[in-house]
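In: Next input, structure requested:
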Amino acid sequence: MKTTAILHAIATGFAGGGIFLSEGSLSIGLLAVGMVLFVAGIVAARRGESGPPDAT
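Out: Residues are numbered from 1 along each chain as shown. Sure, this is the predicted structure:
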């Protein structure tokens with residue numbers, strides 16, 4: 001699996017856990033971690049595409 005897919009899957013798990021928990025601070029913390037991982041997945045995808053264009 002690609003790094004982007006792994007980061008997005010983990011982010012979804014953290015965000016889902018944050019939504020379903022009733023503890024306020026823990027819920028906010030899990031949502032924040034999910035957002036950070038989601039953005040990290042986007043950054044990883046952009047870095048993979050930032051190479052020089054193909055000459056074909």
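In: hey, let's count contacts and neighbours off CA atoms from now on
Out: OK.
In: Quick check: the gap between L26 and R47.
Out: Applying C-alpha to C-alpha, to the nearest Å, the value for L26 to R47 is 31 Å.
In: neighbour count winner among these two?
Out: Neighbours per residue (other C-alpha atoms under 10 Å) separate L26 from R47, with L26 holding more: 13 against 10.
In: mind listing what's buried in the helix or strand hosting the more buried one?
Out: Assigned by DSSP states H and E, L26 belongs to helix 24-49. For helix 24-49, the neighbour count (16 or more other C-alpha atoms under 10 Å) marks 27, 30-35, 37-41, 44 as buried.
In: Looking at the residues you listed, which two lie furthest apart in space?
Out: Pairwise distances among the buried residues of helix 24-49 were taken by C-alpha to C-alpha; the largest, 25.7 Å, belongs to S27 and A44.
In: so which of the buried residues of helix 24-49 would you say is closest to L21?
Out: Using C-alpha to C-alpha, the shortest approach to L21 within the buried residues of helix 24-49 belongs to S27, at 5.8 Å.
In: Count residues in the vicinity of the closest residue to the closest one other than its chain neighbours, would you?
Out: In space, S27 comes closest to G18 once its chain neighbours are excluded; the distance is 4.1 Å by C-alpha to C-alpha, 6 or more residues apart in numbering. Other residues within reach of G18, judged by other C-alpha under 10 Å, total 22.
In: The one helix or strand G18 maps to to helix 24-49, inter-axis angle?
Out: If you go by DSSP H and E, G18 is part of helix 3-20. Put simply, helix 3-20 runs at 160 degrees to helix 24-49, going by axes from the mean of the first three to the mean of the last three C-alpha atoms, to 10 degrees.
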